[in-house]
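1. predicted coordinates and the sequence they were generated for:
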Amino acid sequence: MPDTKIPFYITTAISYPNGRPHIGHAYEAIATDVMARFQRARGRDVRLTTGTDEHGLKMYQTARDQGRPTIELADEMSGYFREMYAKLNISFDHFMRTSDPAHHEASQALWRAMEANGDLYLDRYEGWYSVRDEAFYDESELEGEGEARLSPQGTPVEWTVEESWFFRLSAYQDRLLALYNDNPDFIRPESRRNEVLRFVEGGLKDLSVSRTSFDWGVPVPGSPGHVMYVWVDALTTYMSALGFPDRDGQWGKFWPADIHMIGKDIVRFHTVYWPAFLMSANLPLPKQVFGHGFLLNRGEKMSKSLGNVVDPMELAERFGVDALRYYLLREVSFGQDGSYSAEAIVRTANADLANSFGNLAQRSLSMIFKNLDGKISADYTPAQDDTDLLVDLHAMATERLPREFEQLAFSVGIEDWIRAVFACNQYVDAQAPWALRKTDPERMRAVLMTLFQAVRTLAIAIRPVVPAAADKLLDQMGIAEDARDSAALADTDWFATLAASGFTVGQPVPIFPRLELPEGEGEGEA
């Protein structure tokens, strides 16, 4: 277990708001939020940064084509991302916009530090540029010929010629390879690390880091007419959100980042360019960059041309925020590509949340309410089955699930949690407290008190994933808001204290309604 006194800093990618947020943005935000909530529950002082990367040629062109100021477009689109984070219950601490003056100051401070190190020089850029990716590509990386050339991401490229500042990326090849070798967890998962290794081993060329063909960006200090290449500007967001260049405040406390959570398509920028910029500026490097996979709609990559781009707000409204959060982390092995569909969300939410955990909580609390007048009591004599169940649940909640979540293996940790739920349901069926009511009321009370404790453990363990539903359940169980974390799981006196308080269980309210698909939808789907 990590030292809980050490602060924890995690970031999402800084989203490019040229369009409204899609399910991929939601997936990344949810995973990052679950990790942040998990670390807070472990007792760590956590900061979660997200935001919007609003500069670059693509935003400029989109606003121009719409006949409006670029900042007006940025304001509107950034607002959609904030709306999504609120809807999905993302507990961010900083929402940083690259158009903020404080961010300009941070980016220019980084630039000056790289310049002072002798790593920036003025030259002429001629090469292939993808407006959609905001990225330069070498001829050898392109696919197709002539006007039909495409980037490795399948986006159009165009030949660009302009004066530019260059960063001496080539000077950092050996230092980057040493970084990857000495810190194998710097890039995860391993498949991403191997891709980056091959790219860097192939040789690095100096990188164009300014543009003169448009003025929507952070001005290059001391170089009129130049704005920073969007990646210098965007990557600095991780530090500007902490108040950089002020090194005494939050930046001094939380930097370097523990995890940059990003999509696999932008791993190169975060694991080659970003550490090289920081090395040049003599600043600490992030501890880990995790490139997660893509979400596929019924196995197909989402695109506007296919008409299968899904609005995460619509999914959350339709199926519930917690059901969506649970499904995405339960069914997709984090780091790999995963597929989803409406019927799969319904199937998983109903099987795990409504039928298994929700039903367990509902019938346990209902039996306490009906058979014991809601009274909680600690003066029962546990049988071996009772003790064994609670010991196993405690190990799941304090050892097994945390071990997997620490490694971002969310689906593995959740699988262990749902097995514990199944074990509790099997316990209920085996003990049959409804029959014990007539034959052995004291044994019935012991079983129901065991179940009360089990449900609390399960709710606290899964709370980072389904925070609203878990809190709704724990409210009904009289568990104080400040007693829903790892420290609470280690408290051996909580049950006796709650019983002594005179708390009684009321008529429980279901926390996970069964979901239904509209008639005819999803028929024939696996």
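-> Okay, I see it. Residues are numbered from 1 along each chain as shown.
2. give me the low-pLDDT residue ranges for the protein?
-> Across the chain, the stretches falling below the confidence threshold (pLDDT under 70) are 1-4, 146-147, 298-308, 518-526.
3. would you map the strands across it?
-> Ranges of strands within the chain are 8-12, 46-52, 94-97, 120-130, 135-137, 158-167, 187-188, 207-208, 210-211, 227-228, 259-263, 289-292, 295-297, 338-340, based on DSSP state E.
4. buried ones in the second one?
-> Which is strand 46-52. Neighbour-count burial for strand 46-52, counted by 16 or more other CB atoms under 10 Å, picks out 46-52. The way it works is simple: take the backbone N, C-alpha and C, and place the C-beta from them, glycine included.
5. need the residues you listed in a markdown table (columns: distance to residue 22).
-> Listed next are those as a markdown table, based on distance: CB to CB, whole Å:
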| residue | distance to residue 22 |
| --- | --- |
| 46 | 26 |
| 47 | 26 |
| 48 | 20 |
| 49 | 20 |
| 50 | 15 |
| 51 | 17 |
| 52 | 14 |
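6. what bridges to residue 47?
-> residue 9 (DSSP bridges).
7. any idea how far it lies from residue 430?
-> 46 Å (CB to CB, to the nearest Å).
8. still on that earlier bit, now the strands of the chain in a markdown table, with distance to residue 389?
-> Formatted as a markdown table, the strands of the chain follow (distance: least, CB to CB, whole Å):
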| stretch | distance to residue 389 |
| --- | --- |
| strand 8-12 | 32 |
| strand 46-52 | 32 |
| strand 94-97 | 42 |
| strand 120-130 | 56 |
| strand 135-137 | 54 |
| strand 158-167 | 59 |
| strand 187-188 | 35 |
| strand 207-208 | 58 |
| strand 210-211 | 63 |
| strand 227-228 | 59 |
| strand 259-263 | 34 |
| strand 289-292 | 35 |
| strand 295-297 | 36 |
| strand 338-340 | 32 |
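9. quick one: closest of these to residue 376.
-> Shortest distance between residue 376 and those, using CB to CB, is found for strand 46-52: 32.3 Å.
10. buried sites along stretch 6-17?
-> Buried residues in stretch 6-17 (16+ other CB under 10 Å): 8-17.
11. nearest to residue 255 among those residues?
-> Nearest to residue 255 among those, with distances taken as CB to CB, is residue 9, at 6.8 Å.
12. quick one: residues contacting that closest one.
-> Residues in contact with residue 9 (CB atoms under 8 Å, 6 or more residues apart in numbering) are 46-47, 49, 242, 254-258.
13. so what's the residue count around the nearest residue to residue 390 once chain neighbours are set aside?
-> Among residues not flanking residue 390 along the chain, residue 453 sits closest, at 5.9 Å (CB to CB, 6 or more residues apart in numbering). Residue 453 sits with 22 neighbouring residues when counted by other CB atoms under 10 Å.
14. cool, the one 3 residues further on as well?
-> The criterion is other CB under 10 Å. On that basis, residue 456 has 25 neighbouring residues.
15. distance of it relative to residue 248?
-> 42 Å.
16. got it, and residue 404?
-> In this view, residue 404 and residue 248 are 37 Å apart by CB to CB.
17. who has more neighbours out of the two?
-> Neighbours per residue (other CB under 10 Å) separate residue 404 from residue 248, with residue 404 holding more: 18 against 8.
18. dump the residue contacts of the closest residue to the more buried one other than its chain neighbours.
-> Sequence neighbours aside, residue 413 is the residue nearest to residue 404 in space, at 3.5 Å (criterion: CB to CB, 6+ apart). Residues near residue 413 by CB under 8 Å, 6+ apart: 400-405.
19. circling back: tell me which two in the contacts of residue 9 are the farthest apart.
-> 46 and 256 (14.7 Å).
20. so who does the closest residue to residue 349 other than its chain neighbours touch?
-> Excluding the flanking residues, the one nearest residue 349 by CB to CB, 6+ apart is residue 323, at 3.9 Å. Going by CB under 8 Å, 6+ apart, residue 323 touches 345, 349, 353, 512, 515.
21. enumerate every residue touching the nearest residue to the fourth one once chain neighbours are set aside.
-> In space, and not counting its chain neighbours, residue 512 is closest to residue 358: 3.6 Å by CB to CB, 6+ apart. Taking CB under 8 Å, 6+ apart as the criterion, residue 358 is in contact with 510-512.
22. ok, residue 358 to residue 473 distance?
-> Residue 358 is 9 Å from residue 473, by CB to CB.
23. for those two, list the residues in contact with both.
-> Residues touching both residue 358 and residue 473 (CB under 8 Å, 6+ apart): residue 511.
24. so how far is residue 13 from residue 297?
-> 20 Å.
25. for residue 481, that is, sorry about that
-> Residue 481 sits 31 Å away from residue 13, taking CB to CB as the criterion.
26. repeat for residue 252
-> Counting by CB to CB, the gap from residue 252 to residue 13 is 24 Å.
27. likewise for residue 236?
-> Counting by CB to CB, the gap from residue 236 to residue 13 is 14 Å.
28. residue 95 contacts residue 82, doesn't it?
-> Yes. Using CB atoms under 8 Å, residue 95 makes contact with residue 82 at a distance of 6.2 Å.
29. so how far is residue 273 from the spatially closest residue to residue 96 that is not a sequence neighbour?
-> Once flanking residues are discounted, residue 96 sits nearest to residue 51: 3.7 Å by CB to CB, 6+ apart. Distance of residue 51 to residue 273, computed by CB to CB: 18 Å.
30. with residue 353 instead?
-> Applying CB to CB to residue 353 and residue 273 gives a distance of 41 Å.
31. neighbour-wise, which of those two wins?
-> A direct count of neighbours by other CB under 10 Å for residue 353 and residue 273 places residue 353 higher, at 27 against 22.
32. residues in contact with that one?
-> Taking CB under 8 Å, 6+ apart as the test, what residue 353 contacts is 322-323, 326, 466, 469, 512.
33. burial count for the closest residue to residue 451 other than its chain neighbours?
-> Spatial nearest neighbour of residue 451, excluding adjacent residues (CB to CB, 6+ apart): residue 364 at 4.0 Å. By the criterion of other CB under 10 Å, residue 364 has 26 neighbours.
34. so residue 364 sits against residue 452, correct?
-> Yes. Judged on CB under 8 Å, residue 364 makes contact with residue 452 at a distance of 6.5 Å.
35. all helices for the stretch 201-350 of the chain, in order.
-> Residue ranges of the helices in the stretch 201-350 of the chain, as given by DSSP state H, counting those that start in this stretch, are 230-235, 237-240, 250-254, 267-268, 274-280, 312-319, 321-331, 342-348.
36. relative to residue 374, which of the ones you listed is closest?
-> Closest among the helices of the stretch 201-350 of the chain, using CB to CB: helix 321-331, at 25.7 Å.
37. next, the buried residues of the closest one.
-> Under 16+ other CB under 10 Å, the buried positions of helix 321-331 are 321-331.
38. and what of stretch 221-232?
-> 223, 226-232.
39. from residue 139, how far out is residue 420?
-> In terms of CB to CB, residue 420 sits 55 Å off from residue 139.
40. out of these two, which sits in the busier spot?
-> Between residue 420 and residue 139, counting by other CB under 10 Å, residue 420 is the more crowded of the two (23 against 9).
41. how many other residues sit next to residue 422?
-> By other CB under 10 Å, 14 other residues sit near residue 422.
42. residues in contact with it?
-> Taking CB under 8 Å, 6+ apart, we find residue 422 in contact with residue 356.
43. repeat that for 6 Å
-> Shown in contact with residue 422 (CB atoms under 6 Å, 6 or more residues apart in numbering): no residues.
44. also the one 5 residues further on?
-> By CB under 6 Å, 6+ apart, the residues touching residue 427 are residue 389.
45. with that, I have no additional questions.
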